[in-house]
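**Student:** For reference, the sequence and a predicted model appear below.
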Amino acid sequence: MTDWTLQRPETIGHYAGSLSEEAKQLLSESSLTQCMSFIYNTGYGTCTEHCCKNITTKTKSLPTMFEPALNPKLSPKNVDNSTKLSQWSILDNTKLGSNRCAHDTDVESIIPLISKFWKVKCQEDAKGKYGIGIWDDNVQLPRHILARPSVEYRAYIHQRTFQLLDKTMIQQAWVVRLKRDSARRFLEEIVLFSQVPVWFSDTVFWSRPANGFDELSKLYLAWRKVWYSLVFRPNPDHVINRVLTVERKINNIIPYLHLWGDVQNDYNLYHYQELTRKDLRYTYEQEPQALRYILENLSLWKEECQILNDYVGMRRSLSRDQFHEAKRAAQRAGTAMERLLHAEEVLKGHRSNENKRTRQRLFYIAKQRFLGVQAAVFDLPIEPVSW
């Protein structure tokens, strides 16, 4: 099993001391692990100054740096910060393991600290509106329909129960979790502060982060942008100048750089116009609309979100045959989500019982497809799904 903490560049700097006083106090009263867990799980943060605001500056030549210049009007819709926070403390399945599960006590302790050491009041978002789930009372099926579970529901429950109780599945899930924690530990201990944080994020995004939590959030996103451009999907002909500028400084780190999947924060990069629709499709085999739907209804899709993250984190370590099997399974999950989103649109137009039944059926088919992705990543047989 690969432990990325054992693979270290020969020489590497450590510039945590160059953080602002607000960021230092935040880390001293909480911890880097706790702050990063918050970032991984929520994707909470503010936009860069260029993604959805007017690009006006007297000191920076944006068109040259951005190649081409960003168009704020084209910035895709992001997930509301209140929704992100309201769904953070949802517990993960204990046997399949997941995002370093955040508990209510963590939420209560870190949100006041972020508000204390950052101009943005995180507490106000925490008290804001909760995300509206797809199963709210206005679109519930009548009780006499719910009393007769669909064939797809039974199939999903059967498949998920089998995976939860299967010894091989439990063992493989534990191995994947260890690899995930190893990759994140390497990022936090070796990579994150190997460059001056503010310089690094300002160079990558051409947008200086605010003092405090924003420094950590933008720093992590900057490393994800660099990892994606130089490691995960390198294309020398399309690497932007901002990334080329930092590449010269991190040549000793690039061969060791391995980040895990992170739907929440990669969707943030999409909102910043740093990742494209094709990038998200290549990475997760999902349309951006499907990823936003998952994130806006994370209380129902947290397990599937983690399956996508593990698929991305593990894909480079899979054998060729296993990778192609996992990729096909992920593509089937993407198709299932597209059909579910279409059913959601139809239901908005006409909330008939028939449309509700169709949505419910496609909901559980999509969940089965994600279990197929997990089985492929764990190198287990995939249960057939009938439409």
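**Tutor:** Received, thanks. No experiment lies behind these values; they were computed from the predicted model shown. Numbers count the residues shown, from 1 in each chain.
**Student:** Quick check: Ala336 touching Ile365?
**Tutor:** Yes. Here Ala336 reaches Ile365: they are 5.5 Å apart, a contact under Cβ atoms under 8 Å. Bear in mind the C-beta positions are built from the backbone N, C-alpha and C, glycine included.
**Student:** So Trp88, which state does it fall into?
**Tutor:** coil (DSSP: H, G, I helix; E, B strand; the rest coil).
**Student:** Now do it against Tyr220, distance only.
**Tutor:** As defined by Cβ to Cβ, to the nearest Å, Trp88 lies at a distance of 16 Å from Tyr220.
**Student:** With Asp310 instead?
**Tutor:** From Asp310 to Tyr220 the distance is 19 Å (Cβ to Cβ).
**Student:** One more: Asp80?
**Tutor:** Computed as Cβ to Cβ, the Asp80 to Tyr220 distance reads 20 Å.
**Student:** between those two, which one's more packed in?
**Tutor:** The neighbour count for Asp80 versus Tyr220, taken as other Cβ atoms under 10 Å, is higher for Tyr220 (26 against 16).
**Student:** okay, that one: pLDDT?
**Tutor:** Residue-level confidence at Tyr220 comes out at 98, pLDDT.
**Student:** One more: Val139?
**Tutor:** On pLDDT, Val139 comes in at 46.
**Student:** With Glu21 instead?
**Tutor:** Looking at Glu21, its pLDDT reads 95.
**Student:** Excluding sequence neighbours, find me the nearest residue to it.
**Tutor:** Among residues not flanking Glu21 along the chain, Asn211 sits closest, at 7.5 Å (Cβ to Cβ, 6 or more residues apart in numbering).
**Student:** can you list the weak-confidence ranges in the chain?
**Tutor:** The chain contains residues with pLDDT under 70 at 1-13, 54-68, 89-108, 128-148, 382-387.
**Student:** just checking, what's the longest helix in it?
**Tutor:** helix 320-349 (DSSP state H).
**Student:** In that helix, which residues are buried?
**Tutor:** Using 16 or more other Cβ atoms under 10 Å as the test for burial, helix 320-349 gives 322-323, 325-327, 329-330, 332-341, 343-344, 347.
**Student:** Which strands or helices does that helix pack on?
**Tutor:** On a contact count with 3 or more Cβ pairs under 8 Å, 6 or more residues apart in numbering; DSSP states H and E, helix 320-349 meets helix 277-284, helix 288-296, helix 298-314, helix 353-377.
**Student:** Pro149: which of those is closest?
**Tutor:** Shortest distance between Pro149 and those, using Cβ to Cβ, is found for helix 353-377: 9.1 Å.
**Student:** So for this protein, the centremost residue is which one?
**Tutor:** Val263 (2.1 Å; Cα atoms, centre = their mean).
**Student:** residue contacts, that residue?
**Tutor:** By Cβ atoms under 8 Å, 6 or more residues apart in numbering, the contact list for Val263 reads Tyr284, Leu291, Ile294, Leu295, Cys305, Leu308, Asn309.
**Student:** Glu285 contacts Gln331, correct?
**Tutor:** Yes. In this structure, Glu285 is within contact of Gln331 by Cβ under 8 Å, at 4.9 Å.
**Student:** Mutual contacts of these two, please.
**Tutor:** With Cβ under 8 Å, 6+ apart as the test, Glu285 and Gln331 reach no residue in common.
**Student:** what about Thr161, which helix or strand?
**Tutor:** helix 151-165 (DSSP states H and E).
**Student:** Pull out the buried residues from that helix.
**Tutor:** Of all the residues in helix 151-165, those buried under the rule 16+ other Cβ under 10 Å are Glu152, Tyr153, Ala155, Tyr156, Gln159, Arg160, Gln163.
**Student:** With stretch 43-50 instead?
**Tutor:** Neighbour-count burial for stretch 43-50, counted by 16+ other Cβ under 10 Å, picks out Gly43, Tyr44, Gly45, Thr46, Thr48, Glu49, His50.
**Student:** next one: stretch 193-206
**Tutor:** Neighbour counts using 16+ other Cβ under 10 Å place 193-198, 200-206 of stretch 193-206 among the buried residues.
**Student:** Now, these that are in helices?
**Tutor:** Mapping the buried residues of stretch 193-206 onto helices (DSSP H) picks out Pro197, Val198, Phe200, Ser201, Asp202, Thr203, Val204, Phe205.
**Student:** how near is Lys119 to Val312?
**Tutor:** From Lys119 to Val312 the distance is 33 Å (Cβ to Cβ).
**Student:** what about those two, which has more around it?
**Tutor:** Val312 (20 against 12).
**Student:** from memory that one sits against Trp260, does it?
**Tutor:** Yes. Judged on Cβ under 8 Å, Val312 makes contact with Trp260 at a distance of 6.9 Å.
**Student:** OK, contacts around Asp279?
**Tutor:** Contacts of Asp279 (Cβ under 8 Å, 6+ apart): Tyr228, Arg233, Tyr270.
**Student:** right, and Tyr220 touches Asn265 too?
**Tutor:** Yes. Between Tyr220 and Asn265 there is a contact under Cβ under 8 Å: 6.9 Å.
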